[in-house]
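> need coordinates for the below:
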Amino acid sequence: MPKALWIAHVKVTDEARYGEYAKRATDAIAAHGGVFLARGGRYEQLEGNDRPRNVVARFPSLQAAHDCYYSEAYQHALSFARGASDRDLMILEEAE
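Sure thing, here's the model as predicted:
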C-alpha cells in the first residue's frame, strides 16, 4: 500500500496561536502514524505563492492521512490555526 504525504504551505499571522496549533497537531499526527519529513527550515520559492512555512508529513496510507485530518484531535488543533495563518494543505499519495 502506498504511503501518503501531507503538504502544507503556511503564512503565520499570529505566532502564539499558531504555536498552540503546532503543538496539538504534532500529537494528532503522531497518533495516526504520521512523521514529519520537513517542518519549517530553509527553502527556495521557485513558482507560485510564497508561504514561508512549509511542512511535509508522511502517513502510512492515504486513508490514515485523511482520518488524521478529520479526527477530533486534529480538528481541535486546527481551531488554533484558523485566524492565525493563511494555509494550503493537501494529501498526496506517494508513487509506488
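
> the residue nearest to residue 35 when sequence neighbours are not counted: what's it in contact with?
For residue 35, the nearest residue in space outside its immediate sequence neighbours is residue 58; the separation is 5.5 Å by Cβ to Cβ, 6 or more residues apart in numbering. Quick note: C-beta positions are derived from backbone N, CA and C, even for glycine. Applying Cβ atoms under 8 Å, 6 or more residues apart in numbering, we find residue 58 in contact with 3-5, 34-35, 37, 94.

> look up how far residue 47 lies from residue 56.
Using Cβ to Cβ, to the nearest Å, we find residue 56 at a distance of 17 Å from residue 47.

> ok, residue 15 next?
In this structure, residue 15 lies at 27 Å from residue 47, with Cβ to Cβ as the measure.

> ok, back up a step: more neighbours, residue 56 and residue 47?
Between residue 56 and residue 47, counting by other Cβ atoms under 10 Å, residue 56 is the more crowded of the two (14 against 5).

> the more buried one contacts residue 3, doesn't it?
No. In this structure residue 56 lies outside contact range of residue 3 using Cβ atoms under 8 Å: 11.7 Å.

> ok, residues contacting stretch 33-49?
Taking Cβ under 8 Å, 6+ apart as the rule, stretch 33-49 contacts 5-6, 9, 26, 29, 52-60, 64-65, 68, 88.

> doesn't residue 43 belong to a helix?
No. Residue assignment for residue 43, taken from DSSP: H, G, I helix; E, B strand; the rest coil, gives coil, which places it outside any helix.
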